[in-house]
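Student: Coordinates for the following, if possible.
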Amino acid sequence: MAITITAQGTEPLPTGEYRVELTAIELSTGQYGEQLKWTLHVPDKGRNLVAYSSYSASLASKCMRWAGALLGRPIQAGEQVDFEALVGKTAVAVVVKKRKDDGTEYNAVDDLLPLRTATAGEPAEEGDPFE
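Tutor: So this is what the prediction gives:
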């Protein structure tokens, strides 16, 4: 069996909103303690983004907001969320281009938003990442 990898450029994506698919989520330990590592694929750009969030049950936490974006609805108090079941779901990532102290540019995922759907009588635009 052949093992193939498609080479990915290192130039960061321009700041903007991109449709993404969650391809992996895992619990990791970082400088702030336990956190979730989110791997997001940008199909239109053939790129992967990695983002981190807290591991918190608060409805206001990033992990609960992002889970809600992937589910297309807010998480409710008392609801149990299976984060591994979110793999394969899509949302809109707000991606920003940042610069390190050494001048190196990189992407950061600022937020995840639910996909927008066209309202009745209003067709989605061709190529709209929110359809």
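Student: need the longest strand for the chain.
Tutor: strand 16-30 (DSSP state E).
Student: partners of that strand in the sheet?
Tutor: Taking DSSP bridges as the criterion, strand 16-30 forms sheet pairs with strand 33-42 (antiparallel), strand 90-99 (antiparallel).
Student: Off-centre distance for the following helix or strand past the first one?
Tutor: If I follow you right, that is strand 33-42. Once the chain leaves strand 33-42, the next helix or strand it forms, by DSSP states H and E, is strand 47-54. In terms of CA atoms, centre = their mean, to the nearest Å, the centre of strand 47-54 is set 6 Å apart from its chain centre.
Student: returning to that earlier point: include mean neighbour count and mean pLDDT when you put the strands paired with strand 16-30 into CSV, please.
Tutor: To be clear about C-beta, it is placed using only N, CA and C from the backbone, and glycine gets the same treatment. Shown next, in CSV, are those (neighbours: other CB atoms under 10 Å; pLDDT from 0 to 100):
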stretch, mean neighbour count, mean pLDDT
strand 33-42, 17, 95
strand 90-99, 18, 97
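Student: Out of the ones you listed, which is closest to residue 65?
Tutor: Comparing the strands paired with strand 16-30 by their distance to residue 65 (CB to CB), the top pick is strand 90-99, with 10.5 Å.
Student: Now tell me what touches the closest one from outside.
Tutor: With CB atoms under 8 Å, 6 or more residues apart in numbering as the test, strand 90-99 has contacts from 12-22, 40, 42, 49, 51, 66, 69-70, 105-116, 129-130.
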